[in-house]
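> One predicted model, sequence on top.
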Amino acid sequence: MKAHTEYLTLNIPSKMAFVNITPQVRDAVAKSGVTEGLVLVNTMHITSSVFINDDEHGLHHDFGAWLEKLAPFNPDPNVYHHNRTGEDNADAHMKRQIMGREVVVAITKGKLDFGPWEQIFYGEFDGHRPKRVLIKILGE
């Protein structure tokens, strides 16, 4: 079995954003030489996410609005107990929990085996600093 590991570093200049990382994952799969296997893509930070969905701007806007309703940014330590630690990002932890930590995608004939419209996204919920994403490819 072959194994290949790559790391992406993203530094999102805004507090929240969604970035299509499918091209970088596709490139890593090609470099790996794996034709049949799996790729795991996961964020290595607790205030960001990796998920699969459609690359459509309106949908991404809707995700942001929905997440902000569920876990609105509020640095007040009386609102979120986590913010009593000196942090102000409790909402980002909750948004990550909703959107998920990782995805696993099948590799078939050397290609990502997606359904229609599926793409891999990095979701940032507490930007302004570098964060890493792991790409781990296993197979033959």
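The structure has been received and is ready for your questions. Everything numeric in this text was worked out from a predicted model, so none of it was measured.

> got the contact list for stretch 76-90?
Stretch 76-90 has contacts (Cβ atoms under 8 Å, 6 or more residues apart in numbering) with 47, 71, 74, 75, 91, 93, 125, 126. C-betas here are computed from N, CA, C, even on glycine.

> Which ones among the residues you listed map onto strands?
Among the contacts of stretch 76-90, DSSP state E puts none in strands.

> Scan those and report the most crowded one.
Greatest neighbour count in those, by other Cβ atoms under 10 Å, goes to residue 125: 27 neighbours.

> List the contacts of the residue lying closest to that residue once chain neighbours are set aside.
Excluding the flanking residues, the one nearest residue 125 by Cβ to Cβ, 6 or more residues apart in numbering is residue 92, at 3.7 Å. Residues in contact with residue 92 (Cβ under 8 Å, 6+ apart) are 15, 47, 48, 125, 126.

> Next, work out how far apart the first one and residue 99 are.
Counting by Cβ to Cβ, to the nearest Å, the gap between residue 15 and residue 99 amounts to 15 Å.

> neighbour-wise, which of those two wins?
Neighbours around residue 15 and residue 99, counted as other Cβ under 10 Å, are more numerous at residue 99. The numbers are 19 against 15.

> State the distance from that one to residue 66.
For residue 99, the distance to residue 66 (Cβ to Cβ) stands at 10 Å.

> Please apply the same query to residue 13.
Where residue 66 is concerned, residue 13 sits at a distance of 22 Å (Cβ to Cβ).

> secondary structure element for the residue positioned nearest the centre of the chain?
With distances taken as Cα atoms, centre = their mean, residue 50 lies nearest the centre of the chain, 2.1 Å away. Take DSSP states H and E as the rule and residue 50 turns out to sit in strand 48-53.
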